[in-house]
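[1] Quick one: sequence plus predicted model below, questions after.
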Amino acid sequence: MSVTLENVAVKRRGKAILGPVKMALSADGFTIVLGPNGAGKTTLLKVLHGVERLSSGRVTWSVPDEDAREAQAYVFQKPIMLRRSVRQNLAFPLQLLKTPKAEIDTRVTDWSRRIGLEEALDRPATRISGGEQQKLALARALIRDPQVLFLDEPCANLDGRSMREIEELLMASSASGTRIIMTTHDLGQARRLASDVVFLLNGQLCEQADASTFFAAPQSDEARAFLKGDIIE
Amino acid sequence: MNDIWAGIEAAFRLIITLDSDLVEITLRSLQVSLSALVIASLIALPFGTWLAIRRFRYRRLTIATLNALMGLPPVVVGLIVYLLLSRSGPFGVLGLLFTPTAMIIAQVIIITPLIASITHQAMRELWAEYHDLLISLNTSKSQRILTLIRDGRRTLLTAALAGFGRAIGEVGAIMIVGGNIDHATRVLTTAIALETGKGDFALALGLGFVLIALALLVNFAIHALSRTEREGRW
């Protein structure tokens, strides 16, 4: 499902955090949202997910809002672990939908294998390592088979191996048709994963382009500076 | 010092011989306070949790009131329940005054704010932690409350135990609405007050030790049953 944003703005205590932004995202692809700290990347993701209060403007999905929310999942920068076992964390989104127990078991086993945590299923989720928690959060988001997956810096503070495992999972689910919209600080990761790029600066949409175009020949001076590794404010 | 030794001696004698009066009084104490605890928990745990996740206009006022009600003087609660249940009161026809039911009602009023307030404090922290995830997963209000109660059950247990402690040791309200009638509404605390008034310190102390032992026992039992404080569990 595709989405359009019309003059979306988010203000808090009189300060503009995002926008006004006017943009459209197609129904498929792997969008990477780039930009320095405070550019409004997380806010944009939350706006798209429908959990941020808009000060003005409108977000329109190609399907009714209720269906759009049902078909989305969100992975937070800092994984939120329920104070339960790994198994119960994985099962939780399905239990909310009243999925039959047998199906929950099958899917939990399947996903625990995919993220390499089948041995840890009965351990408390709060006691596994940071990388394992992030993988668990990702699996918990994907277990409902969402059409759209939002990720807010899923690899912040992760080492090389965990990052590669997460990227493999993301590429697999992107290949199987999940629409992914992800923020990152890591330009290398952005190059590896992106099919298109949204570049934000100071809450404004600075540039939106295909990944190949964006990385080879950015249109704006700011994007050029950002890609070169200069500090932009 | 003599009184204390005599008290310990009396307590042991009463317990070892399973003194029928003692057993009866103890069981009634447990019956009244545990009933009050169950009813108060059924009200206070969902209410405290709801308060933690729900934003509404008079929320701060409600919380402040709740915290103030934690210090509700039992004697006054007893007096009001007495007036409500007395023959000439609005609920006089029910004939509840001077029955264990009246004592349970009074204790529910005393401990509900306490349990709700502790619940609210604990749930507020858990809600801050879970907020984004539960919103993102598009959960309904009741699903949020149930998730918080389930995952915060350890702190809820603490809240309930605090309520039980207040109920089992409470004397002012149940004295007024129960009347400390032998074989009908006499419980440990009112019996202690009576024996002290009569000057029978040994028996009073004996009952006091039984009361303390009971409170400890219930706490241990609940902790053991719910397996709290164990590695890897919540």
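    That came through fine.
[2] got the domain boundaries for chain A?
    If the domains of chain A are taken from automatic domain parsing, they occupy A:1-71+A:146-233, A:81-145, with pieces of a single domain joined by a plus sign.
[3] quick one, which of the ones you listed is nearest to B:Val32?
    With C-beta to C-beta as the criterion, B:Val32 lies closest to domain A:81-145 of the domains of chain A, at 34.1 Å. No exception for glycine: its C-beta is placed from N, CA and C like everyone else's.
[4] pLDDT weak spots in chain A?
    Applying pLDDT under 70 to the predicted model, the residue ranges of chain A that meet it are A:233.
[5] Now for chain B, the helix or strand with the poorest mean pLDDT.
    Scoring the helices and strands of chain B by mean pLDDT, DSSP states H and E places helix B:2-16 at the bottom, with a mean of 80.
[6] Next SSE downstream of the top helix by length along chain B?
    For chain B, the helix that runs over the most residues, judged by DSSP state H, is helix B:100-136. Proceeding N to C from helix B:100-136, the next assigned helix or strand is helix B:141-151, under DSSP states H and E.
[7] Show me what from chain B comes close to chain A.
    Residues of chain B lying near chain A by C-beta under 8 Å from any C-beta of the partner chain: B:129-130, B:132-133, B:135-139, B:143, B:147, B:151, B:232-234.
[8] related to what we said a few turns ago, thinking in terms of the whole chain, how far from its middle is the least confident helix or strand of chain B?
    On the basis of C-alpha atoms, centre = their mean, to the nearest Å, the separation between the geometric centre of helix B:2-16 and that of its chain is 27 Å.
[9] Return the set of buried residues in it.
    With burial defined by 16 or more other C-beta atoms under 10 Å in any protein chain shown, the residues of helix B:2-16 counted as buried are B:Gly7, B:Ala10, B:Ala11, B:Leu14, B:Ile15.
[10] Next: stretch A:38-51.
    By neighbour count with 16+ other C-beta under 10 Å, stretch A:38-51 contains the buried residues A:39-51.
[11] what sits up against it?
    Residues from elsewhere that reach stretch A:38-51, judged by C-beta atoms under 8 Å, 6 or more residues apart in numbering or on different chains: A:3, A:5, A:8, A:10, A:17-19, A:21, A:25, A:33-35, A:52, A:54, A:59, A:65, A:68-69, A:72, A:74, A:77, A:150, A:152, A:181, A:183, A:198, A:200-203, B:132, B:135-136.
[12] try it again with 6 Å
    Residues lying outside stretch A:38-51 but in contact with it, judged by C-beta atoms under 6 Å, 6 or more residues apart in numbering or on different chains, are A:8, A:10, A:17-18, A:33, A:35, A:52, A:69, A:72, A:74, A:150, A:152, A:183, A:200-201, A:203, B:135.
[13] Narrow those to those in helices?
    Per DSSP H, the subset of these in helices is A:Arg69, B:Ile135.
[14] Now list the buried members of the contacts of stretch A:38-51.
    The neighbour count (16+ other C-beta under 10 Å) marks A:8, A:10, A:17-18, A:33, A:35, A:52, A:69, A:72, A:74, A:150, A:152, A:183, A:200-201, A:203 as buried among the contacts of stretch A:38-51.
[15] from those residues, which are also near chain B?
    On the criterion C-beta under 6 Å from any C-beta of the partner chain, A:Arg69, A:Tyr74 are the entries of the buried ones among the contacts of stretch A:38-51 that sit beside chain B.
[16] of the buried ones among the contacts of stretch A:38-51, closest to chain B?
    Distance ranking of the buried ones among the contacts of stretch A:38-51 against chain B, using C-beta to the nearest C-beta, places A:Tyr74 first at 4.3 Å.
[17] Show me what that closest one bridges to in the sheet.
    A:Phe150 (DSSP bridges).
[18] How about the contacts made by it?
    Each residue near A:Tyr74 by C-beta under 6 Å, 6+ apart is listed here: A:His49, A:Phe150, B:Ser136.
[19] Distance check, it against A:Val148.
    When distances are taken as C-beta to C-beta, to the nearest Å, A:Tyr74 and A:Val148 turn out to be 9 Å apart.
[20] Over to A:Pro100?
    In this structure, A:Pro100 and A:Val148 are separated by 25 Å, where distance is defined by C-beta to C-beta.
[21] Between those two, tell me which one has more neighbours.
    Set side by side, A:Pro100 and A:Val148 show unequal neighbour counts under other C-beta atoms under 10 Å in any protein chain shown, the larger going to A:Val148 at 22 against 9.
[22] which residues in chain A form strands?
    Assigned strands in chain A, in chain order: A:3-12, A:15-25, A:30-34, A:56-61, A:72-75, A:148-152, A:179-183, A:196-201, A:204-210 (criterion: DSSP state E).
[23] The fourth one vs strand A:3-12, what angle?
    Here strand A:56-61 runs at 150 degrees with respect to strand A:3-12, directions being taken by axes from the mean of the first three to the mean of the last three C-alpha atoms, to 10 degrees.
[24] Then the longest one?
    Strand A:15-25 runs at 180 degrees relative to strand A:3-12, counting by the same axes, to 10 degrees.
[25] quick one: strands adjacent to strand A:15-25?
    Strand partners for strand A:15-25, identified by DSSP bridges, are recorded as strand A:3-12 (antiparallel).
[26] Now the strand it pairs with: buried residues?
    A:Val3, A:Leu5, A:Val8, A:Ala9, A:Val10.
[27] what's the answer for stretch A:99-113, then?
    The neighbour-count criterion (16+ other C-beta under 10 Å) identifies A:Ile104, A:Arg107, A:Val108, A:Trp111, A:Ser112 as the buried residues of stretch A:99-113.
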